[in-house]
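Chemist: output the structure for:
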Amino acid sequence: MPKAVWNNVVIAESDQTIMVEGNHYFPPSAVKKEFLKDSTTHTTCHWKGVASYYNVEINGQTNRDAAWYYPQPSEAAKEIEGYIAFWRGVKVEA
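Modeler: This is a model prediction of the structure:
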């Protein structure tokens with residue numbers, strides 16, 4: 001079952017992830033939100049739309065913009081609406 005780990009802490013775990021462009025997008029209910037803090041960062045994907053980011057905070061350390069999601073994706077990416085993906089050192093193990 002895919003899980004996202006940073007600083008030896010499991011942030012998310014689910015067998016219901018959606019793979020898009022090589023990234024596991026975790027359902028919101030599978031993510032431990034206590035480790036996520038809102039970021040002001042936004043980026044635009046030409047086909048998915050505008051992404052919003054979270055900083056991951058664990059044990060007093062912050063991994064800036066290490067998680068992202070699409071709150072209002074384009075029609076082509078509706079299946080990942082609200083789902084959360086990780087990068088920047090967050091290891092996703094399948």
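
Chemist: partners of the helix or strand harbouring Val56 in the sheet?
Modeler: Element membership for Val56 (DSSP states H and E) is strand 49-58. Strand pairing for strand 49-58, determined by DSSP bridges: strand 36-45 (antiparallel), strand 61-69 (antiparallel).

Chemist: just name the most buried of the ones you listed.
Modeler: strand 61-69 (a mean of 18; mean count of other CB atoms under 10 Å). For the C-beta atoms, the positions are set from N, CA and C on the backbone; glycine is no exception.

Chemist: ok so, going back, so what touches the strand holding Val56?
Modeler: 6-7, 9, 11, 35-39, 41-45, 62-74, 77, 84, 86, 90 (CB atoms under 8 Å, 6 or more residues apart in numbering).

Chemist: spatially nearest residue to Lys37, not counting backbone neighbours?
Modeler: Among residues not flanking Lys37 along the chain, Asn55 sits closest, at 4.7 Å (CB to CB, 6 or more residues apart in numbering).
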